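Asks: curious how this folds, go ahead:
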Amino acid sequence: MKKQFLIVMIFFFSFMITGCNVIEEWKAERIIKEYYQAIIDENYDKAFKQLQLYDYNSKTEIGHFTEGTTLSNKEAKAFYLKKIHVLKEQKYKLIDFEIVEVEYEDGHSFWHHIKLKGEQDGQKFEWREVADIYKGKLVISEKDDPNTKYRDGKMYFEIEELKEN
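Replies: Model prediction:
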């Protein structure tokens, strides 16, 4: 009887741990899909709301998403729209995306690998990037797309600095 109880408890706790992670994974996928679809639809207000915003110095490469931004929401949104303007000037258009893999680090921490299809100045591209969720907000990292910096959550730097790089 004790053996059966122990087996049932092991299955129960295993299911609870896995089930909780599945729910977090679904939440992450919802945020990821909302963000990329908003970029495709050019609904930049919606895309902005999905992002984890953080201050970043592109010269020193100092800034971490866990530190947030010193900008007010209004200032951050205006800055984000300036970054989007750079994309529009470069005739950058995201056409499609696909979540191709979910990678687990320790059975609990995970991130999504995203394949992007788009067009820039008439040239088609296919890039990959990694999307993570921090406190319910999207963090984009490990990216191939050199223009990600104009649509991610990095804030409070000179946009002209990025044009030079």
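Asks: from here on, contacts and neighbour counts on C-alpha atoms
Replies: Fine.
Asks: walking through this protein, point out its helices one by one.
Replies: Using DSSP state H, the helices of the chain run over 2-40, 44-50, 73-89, 159-164.
Asks: worst average pLDDT in the ones you listed?
Replies: Sorting the helices of the chain by mean pLDDT places helix 159-164 lowest, at a mean of 54.
Asks: what's the nearest residue to Leu116 if we skip its chain neighbours?
Replies: Phe97 (4.4 Å; C-alpha to C-alpha, 6 or more residues apart in numbering).
Asks: run through the residues that contact the one you found.
Replies: Going by C-alpha atoms under 8 Å, 6 or more residues apart in numbering, Phe97 touches Tyr36, Ile114, Lys115, Leu116, Lys117.
Asks: how many neighbours does the last one have?
Replies: Right, Lys117. 16 (other C-alpha atoms under 10 Å).
Asks: buried ones in stretch 35-50?
Replies: By 16 or more other C-alpha atoms under 10 Å, the buried positions in stretch 35-50 come out as Tyr35, Tyr36, Gln37, Ala38, Ile39, Ile40, Tyr44, Lys46, Ala47, Phe48, Lys49, Gln50.
Asks: let me fix that: stretch 135-143
Replies: For stretch 135-143, burial by neighbour count (16+ other C-alpha under 10 Å) applies to Lys137, Leu138, Val139, Ile140, Ser141, Lys143.
Asks: ok, now stretch 85-96?
Replies: Val86, Leu87, Tyr92, Lys93, Leu94, Ile95.
Asks: same question for stretch 103-123.
Replies: So, applying 16+ other C-alpha under 10 Å, buried residues of stretch 103-123: Phe110, Trp111, His112, His113, Ile114, Lys115, Leu116, Lys117, Gly118, Gln120.
Asks: ok, for the third one, nearest residue in space, not its chain neighbours?
Replies: Right, His112. Counting by C-alpha to C-alpha, 6+ apart, Val102 is the residue found nearest to His112 once chain neighbours are left out, at 4.5 Å.
Asks: what's near enough to touch the one you found?
Replies: Val102 neighbours (C-alpha under 8 Å, 6+ apart): Phe110, Trp111, His112, His113.
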